[in-house]
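Q: what follows is a predicted protein model with its sequence.
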Amino acid sequence: MLFSQLEYLVALAREGHFSRAAEACHVSQPALSAGIRKLEAEFDTQIVRRANRYEGLTAEGEKLVAWARKILADRQSLSEEIQTMRGELSGTLRIGAIPTALPALCMLTRPFQVEHPRVRLSLLSLSSTDIRRSLTEFDIDAAVSYMDIPVGGGVRAHPLYHERYVLLTSPESLPSDQESVTWSEVAAMRLCLLTDDMRNRQFLNETFESVNTRPRVELETNSISALYTHVRDGSFATVMPHTWLSAFQIPSDMRVLPLVEPRVTQGVGLLVPSHEPESMLCRALVRVADRVNMAGRLDSALREQLHGLSRTG
């Protein structure tokens, strides 16, 4: 059995198509098919259900692909450890992150790359559901996600910061001397929010329900930048996590107000596999996370922006 054959099987399970799997592995389709047939011969069992096209894996194939993912991940961890013994860390670190955390990731990635310049980073925007699956199937090495989402055994969580929420709206929507806004007041506005399948939106819904109100949502999107543009043209207001304020550099013709009654937060953390042997790249990322005060920097940036906007207003 060769590692390449396991890679072919994992790619086929992921892509669900022989040609796409072969392309992902940079081999011809006949070569990929031949590699999988050799696996079937070695284990003396059918792995792939075939007709004129790929029709999924057999029960034995599902079990084998789960082992294949773990074996390939362990091989990568071994390679990283050997390279570390020879000198600097190298390789690729794949990080999945919920969309609301993306602007804050540079607080981790910048010092990490300074310390480990030979490591290539791959950053993927994923839902919390996709993060759980991707960690389990070894499609990513680490993740930044909400702490209240169970990811199952074999994963360690390192707290990073608490996501806070602000109202982003036009200046004329509220009195100029108002310094905060309640969730009940926000519910009555014309709102654009993230779609219901996103954990951030689900958390907002739970908060609105806690004050016995339902938001007036007239536009939904899975893009935070789309929320910003629709507020910018004066059509809507939105509830936005504070991590995105610095990314957008809120102009003077928009208002940012903290949400109160209640003041709520959502914990965000770094998730890494806890199996042994530990990935050297993940270990290095955790060390950077322990050293960088993301919570303090984000809260300080929020205070500065709120103070600057209120002073400008």
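A: Perfect, I can see it now.
Q: where does the chain have its least confident helix or strand?
A: Lowest mean confidence among the helices and strands of the chain (mean pLDDT, DSSP states H and E): helix 245-248, at a mean of 73.
Q: the strands in this protein, which residues?
A: 48-50, 54-57, 91-97, 119-125, 142-146, 155-169, 181-182, 191-194, 217-221, 238-241, 255-260, 265-273 (DSSP state E).
Q: now render the ones you listed as TSV, adding distance to Ala41, mean pLDDT and mean neighbour count.
A: Heads up, the C-betas are built off the backbone N, CA and C, glycines and all. Formatted as TSV, the strands of the chain follow (distance: least, Cβ to Cβ, whole Å; pLDDT from 0 to 100; neighbours: other Cβ atoms under 10 Å):
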stretch	distance to Ala41	mean pLDDT	mean neighbour count
strand 48-50	13	82	15
strand 54-57	16	83	15
strand 91-97	32	90	21
strand 119-125	34	92	15
strand 142-146	36	94	25
strand 155-169	35	92	20
strand 181-182	67	94	18
strand 191-194	49	94	23
strand 217-221	50	94	16
strand 238-241	52	92	25
strand 255-260	62	91	19
strand 265-273	32	92	21
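Q: for Ala34, find the nearest of those strands.
A: Nearest to Ala34 among the strands of the chain is strand 48-50 (12.4 Å), distances taken as Cβ to Cβ.
Q: strands paired with the closest one, and their directions?
A: strand 54-57 (antiparallel) (DSSP bridges).
Q: so Ala66 versus Leu72, what's the distance?
A: Applying Cβ to Cβ, to the nearest Å, the value for Ala66 to Leu72 is 11 Å.
Q: hang on, the earlier thing: how about the strands of the chain in a markdown table, adding distance to Leu6?
A: Formatted as a markdown table, the strands of the chain follow (distance: least, Cβ to Cβ, whole Å):
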| stretch | distance to Leu6 |
| --- | --- |
| strand 48-50 | 14 |
| strand 54-57 | 13 |
| strand 91-97 | 18 |
| strand 119-125 | 21 |
| strand 142-146 | 22 |
| strand 155-169 | 23 |
| strand 181-182 | 54 |
| strand 191-194 | 38 |
| strand 217-221 | 39 |
| strand 238-241 | 39 |
| strand 255-260 | 49 |
| strand 265-273 | 18 |
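Q: run a quick check on Pro273 versus Cys282, I expect a contact.
A: Yes. Using Cβ atoms under 8 Å, Pro273 is in contact with Cys282, at 6.9 Å.
Q: what touches both of these two?
A: Residues touching both Pro273 and Cys282 (Cβ atoms under 8 Å, 6 or more residues apart in numbering): Asp141.
Q: elements contacting the top helix by length along the chain?
A: Ranked by number of residues, the top helix in the chain under DSSP state H is helix 59-86. Here helix 59-86 touches helix 3-15, helix 29-43, strand 91-97, helix 280-291, going by 3 or more Cβ pairs under 8 Å, 6 or more residues apart in numbering; DSSP states H and E.
Q: contacts for the least confident helix or strand of the chain next, please.
A: For helix 245-248, contacts defined as Cβ under 8 Å, 6+ apart pick out Pro103, Val166, Tyr228, Val256, Ala301, Leu302, Gln305.
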